[in-house]
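[1] how would this look folded up:
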Amino acid sequence: MKDTLAALLNEMRDCGYNPSNHISYDADEHHLLVDPVILHKHPSIKQVYLAYLDACHERDKAVEQIQQLPKLDLGFTN
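    Here you go, the predicted structure:
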């Protein structure tokens, strides 16, 4: 996911945008949101953003699978 995030930020910079001014965080979905006007105007940014979203969904699935694993007693409780 870090690679796709870096690619997204670099693509935005390459197109002349400061990502700090055009990105927000979706706390419910746990990923960044890019200004829809920029996504519509620049297909290259949209393509990288969609790859970033795919990576975020894969991360979320992996976290969910880990959370479903049986809990192990490591013996730290009395």
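[2] what ranges do the strands span in this structure?
    All strands of the chain, identified by DSSP state E, fall at 23-26, 31-34.
[3] out of the ones you listed, which gets nearest to Pro43?
    Closest to Pro43 of those is strand 31-34 (Cβ to Cβ; 12.7 Å). To be clear about C-beta, it is placed using only N, CA and C from the backbone, and glycine gets the same treatment.
[4] just to revisit the earlier point, please identify the deepest-packed of the strands of the chain.
    Per residue and on average, the most neighbours among the strands of the chain fall to strand 31-34, with a mean of 18 (mean count of other Cβ atoms under 10 Å).
[5] contact partners of that strand?
    Outside strand 31-34, the residues that touch it by Cβ atoms under 8 Å, 6 or more residues apart in numbering are 5, 8, 12, 22-26, 45, 49, 52-53, 56.
[6] now distance to Thr77 and pLDDT too, for those, in CSV please.
    Formatted as CSV, the contacts of strand 31-34 follow (distance: Cβ to Cβ, whole Å; pLDDT from 0 to 100):
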residue, distance to Thr77, pLDDT
Leu5, 38, 95
Leu8, 43, 97
Met12, 48, 97
His22, 48, 96
Ile23, 42, 96
Ser24, 41, 96
Tyr25, 36, 95
Asp26, 36, 93
Ile45, 49, 98
Tyr49, 44, 97
Tyr52, 40, 97
Leu53, 40, 96
Cys56, 34, 94
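[7] now distance to Gln65 too, for the residues you listed, in a markdown table please.
    A markdown table is the format used below for the contacts of strand 31-34 (distance: Cβ to Cβ, whole Å):
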| residue | distance to Gln65 |
| --- | --- |
| Leu5 | 21 |
| Leu8 | 25 |
| Met12 | 31 |
| His22 | 33 |
| Ile23 | 28 |
| Ser24 | 28 |
| Tyr25 | 24 |
| Asp26 | 22 |
| Ile45 | 31 |
| Tyr49 | 25 |
| Tyr52 | 21 |
| Leu53 | 19 |
| Cys56 | 15 |
